[in-house]
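K.L.:
I'd like to go over a predicted model; first the sequence, then the structure.
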Amino acid sequence: MIVFVIKLLFAMTAADPCDVIGPKWKQLDPIVSDSCYFFSGKEKTFAKAEARCADKAPSYGSHLVQIDNAGENQMIAGAITKTSWIGAHLVSGSWEWVGSGVAVTYNNWHSNEPNDHKDDEDCVQIYTDGFWNDQRCSKTIHYICEASLEASTPKTFRIRKPSYYAQRHQCFDTRNSLIALLCARNTPVC
Ligand SMILES: [Ca+2]
Ligand SMILES: [Ca+2]
């Protein structure tokens, strides 16, 4: 019985659609956002964190997280245990998202922030309570990456079985999508 429950839990865990990017990518709440998120185990400067994010899953448009609304902010805050970099930074006097270059519209600044302490705080960190602080970009802290399954470059699959079909980066089976996904994760042939 215990083995069965463990197997069942594993099957449920394996069904995370973000598994196709890598084992540490998680979909948090698909009702809030269908993005995939990566929470670092290491601390880096803002620039190195963004470089690491961009390098992790380029075909899925990975960058430091872009928080677009209160729902996403609350979801992220609920998932972190350490103060972490988000993708907002100051460019020519305006806050913008490092991945997309779009202006920061939603924000959740802590009271009295951004204060640009010592005239040297051009990058944004999120506290575990969800509030933001501008911080020295050279500080080394944890970071959060975001990637999108939608942004992925379509992968070409060689279709072996008549019931299988390819869609974007994934390979599906008309009878059992989970099996095809497991197949697709390991090989471009399905
Ligand atoms: Ca986002
Ligand atoms: Ca500050």
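P.N.:
On my side now, so go ahead. Ligands and ions are numbered 1, 2, ... in the order given.
K.L.:
Mind naming the longest strand for this protein?
P.N.:
Taking DSSP state E as the assignment, the strand of the chain that covers the most residues is strand 84-91.
K.L.:
Give the pairing partners of that one; include direction for each.
P.N.:
Using DSSP bridges, the strands paired with strand 84-91 are strand 94-97 (antiparallel), strand 123-126 (antiparallel), strand 142-147 (parallel).
K.L.:
out of the ones you listed, nearest to ligand 2?
P.N.:
Nearest to ligand 2, of all the strands paired with strand 84-91, is strand 123-126, at 8.7 Å by C-beta to the ion. For the C-beta atoms, the positions are set from N, CA and C on the backbone; glycine is no exception.
K.L.:
centre of the chain versus the closest one, how much separation?
P.N.:
16 Å (C-alpha atoms, centre = their mean, to the nearest Å).
K.L.:
OK, contacts around residue 42?
P.N.:
The contact partners of residue 42, by C-beta atoms under 8 Å, 6 or more residues apart in numbering, come to residue 142.
K.L.:
possible to save the strands paired with strand 84-91 as CSV with distance to ligand 2?
P.N.:
CSV is the format used below for the strands paired with strand 84-91 (distance: least, C-beta to the ion, whole Å):
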stretch, distance to ligand 2
strand 94-97, 13
strand 123-126, 9
strand 142-147, 17
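K.L.:
Put together JSON lines for these, with mean pLDDT on each row.
P.N.:
Conversion of the strands paired with strand 84-91 to JSON lines gives the following (pLDDT from 0 to 100):
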{"stretch": "strand 94-97", "mean pLDDT": "97"}
{"stretch": "strand 123-126", "mean pLDDT": "98"}
{"stretch": "strand 142-147", "mean pLDDT": "98"}
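K.L.:
between those strands, which gets nearest to residue 35?
P.N.:
Nearest of those to residue 35, taken as C-beta to C-beta: strand 142-147 at 5.0 Å.
K.L.:
And stretch 40-57, what's buried?
P.N.:
By 16 or more other C-beta atoms under 10 Å, the buried positions in stretch 40-57 come out as 40, 43-46, 48-50, 52-54, 56-57.
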